[in-house]
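J.: Sequence isn't available, so here's the structure alone:
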Ligand code: ADP
């Protein structure tokens with residue numbers, strides 16, 4: 001299905017929505033949103049004196065894909081990092097309001113437990129300087145897994161979930177750096193999945209990848225949607241349209257609009273959202 005974006009008389013952009021995606025979403029998803037996994041209530045975040053997020057309130061629904069969009073510097077990554085407290089590692093930061101994971105305050109969870117439950121994949125693939133196998137096995141051992149067969153099974157399962165197994169099964173002992181950029185990114189997704197997170201945070205995971213590698217990562221993310229709650233920061237509206245059940249538009253540290261992706265992209269309620277999706281802003 002191909003849908004036009006209309007802004008008054010001007011049509012600035014065309015978005016491709018695969019028919020299967022539209023079918024799945026309209027049939028079962030949007031009528032009855034599932035429970036929130038993550039919830040932000042009047043959440044604000046500061047770098048020193050600079051307030052990067054202002055009173056953000058949003059529900060991230062379980063086993064759905066939510067895209068965060070908006071111009072550069074509007075706070076998308078800050079909000080994503082806050083969800084597993086990666087911002088804690090930056091000096092002189094502070095947060096107000098509440099972020100919760102299944103009702104428990106994120107601020108009060110133990111950081112290692114939180115990061116096991118809420119995994120993260122970054123903009124640039126960052127495999128460890130180890131073999132493909134060790135990239136996944138290492139974290140499992142640190143997490144306490146000892147049995148060699150159990151570890152081998154978990155490595156295979158994670159690589160399969162990240163749609164990488166068939167490409168690497170015969171070269172598991174080769175260095176991860178020998179993989180292509182797209183394969184390295186799927187290895188990072190496999191590494192994040194190995195500890196069975198409930199939530200996967202993806203910070204522009206395809207921005208360093210070519211279109212074919214991007215398509216494979218997108219397919220991987222799409223296929224995880226029944227098992228994992230996913231939040232993806234993207235500057236690519238086509239990607240949000242292809243992948244996300246829900247989309248949130250941020251501007252200057254504020255959440256401007258949040259709704260099912262088709263509504264937000266095709267029928268934005270706020271003038272600034274309209275400006276952004278039609279290419280007049282950002
Ligand atoms: P986005 O992901 O939308 O591009 P960011 O969350 O990266 O936006 O940044 C939001 C704002 O916070 C920007 O003004 C940025 O300069 C600022 N910021 C981000 N990271 C830091 C940091 N480590 N220290 C100080 N300011 C930061």
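T.: Ah, there it is. These figures come from a predicted structure and were not determined experimentally. Residues are numbered from 1 along each chain as shown.
J.: Residue 97: what secondary structure?
T.: Under DSSP: H, G, I helix; E, B strand; the rest coil, residue 97 falls in the strand class.
J.: I'd guessed residue 105 sits against residue 98; true?
T.: Yes: between residue 105 and residue 98 a contact is recorded at 6.3 Å, counting by C-beta atoms under 8 Å. The C-beta positions use only the backbone N, C-alpha and C, and glycine is treated the same way.
J.: the more surrounded of these two?
T.: Using other C-beta atoms under 10 Å as the criterion, residue 105 and residue 98 rank with residue 98 on top: 14 against 10.
J.: separation between that one and the ligand?
T.: 19 Å (C-beta to the nearest ligand atom, to the nearest Å).
J.: And that residue, how far from residue 39?
T.: When distance is defined by C-beta to C-beta, to the nearest Å, residue 98 is 8 Å away from residue 39.
J.: What of residue 57?
T.: 8 Å.
J.: So for the two, which residue has more residues nearby?
T.: More neighbours surround residue 39 than the other of residue 57 and residue 39, with 18 against 13 (other C-beta under 10 Å).
J.: tell me the phi and psi of the more buried one?
T.: The phi/psi pair for residue 39 (degrees, to the nearest 10) reads phi -140, psi 130.
J.: List the residues that contact it.
T.: 58, 59, 60, 98, 99, 100 (C-beta atoms under 8 Å, 6 or more residues apart in numbering).
J.: now it, which residues is it bridged with?
T.: Applying DSSP bridges to residue 39 gives these bridge partners: residue 59, residue 100.
J.: What is the three-state secondary structure of the closest residue to residue 208 other than its chain neighbours?
T.: Using C-beta to C-beta, 6 or more residues apart in numbering and skipping residues adjacent in sequence, the residue nearest residue 208 is residue 124, 5.2 Å away. With three-state DSSP as the basis, residue 124 sits in coil.
J.: Give me the neighbour count for residue 124.
T.: By other C-beta under 10 Å, neighbour count at residue 124 equals 14.
J.: Distance check, it against residue 188.
T.: With C-beta to C-beta as the criterion, residue 124 and residue 188 are 9 Å apart.
J.: same check, this time on residue 147
T.: 25 Å.
J.: just the strands in the chain please.
T.: For the chain, strands defined by DSSP state E occupy the ranges 2-7, 10-16, 36-47, 50-61, 65-69, 93-101, 104-105, 118-121, 199-203, 229-233, 246-251, 254-260.
J.: Just put the ones you listed in TSV and tack on mean pLDDT and distance to residue 85.
T.: What follows is these, written out as TSV (pLDDT from 0 to 100; distance: least, C-beta to C-beta, whole Å):
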stretch	mean pLDDT	distance to residue 85
strand 2-7	36	36
strand 10-16	40	34
strand 36-47	95	11
strand 50-61	97	14
strand 65-69	96	17
strand 93-101	96	9
strand 104-105	96	11
strand 118-121	95	9
strand 199-203	96	11
strand 229-233	97	14
strand 246-251	97	19
strand 254-260	96	19
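J.: and the ones you listed as TSV, adding distance to residue 160?
T.: Shown next, in TSV, are those (distance: least, C-beta to C-beta, whole Å):
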stretch	distance to residue 160
strand 2-7	33
strand 10-16	28
strand 36-47	24
strand 50-61	26
strand 65-69	20
strand 93-101	26
strand 104-105	31
strand 118-121	17
strand 199-203	16
strand 229-233	18
strand 246-251	27
strand 254-260	30
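J.: Look up which residues are beta-bridged to the residue nearest to residue 269 when sequence neighbours are not counted.
T.: In space, and not counting its chain neighbours, residue 269 is closest to residue 257: 6.0 Å by C-beta to C-beta, 6+ apart. Under DSSP bridges, the beta-bridge partners of residue 257 are residue 249.
J.: Residue 257 reaches residue 246, doesn't it?
T.: No: using C-beta under 8 Å, residue 257 is not in contact with residue 246, being 10.9 Å away.
J.: what residues are shared contacts of those two?
T.: The contact lists of residue 257 and residue 246 share residue 264, where a contact means C-beta under 8 Å, 6+ apart.
J.: Torsion angles phi and psi at residue 103?
T.: The phi/psi pair for residue 103 (degrees, to the nearest 10) is phi 90, psi -20.
J.: again with residue 169
T.: Here residue 169 shows phi and psi, under degrees, to the nearest 10, equal to phi -60, psi -20.
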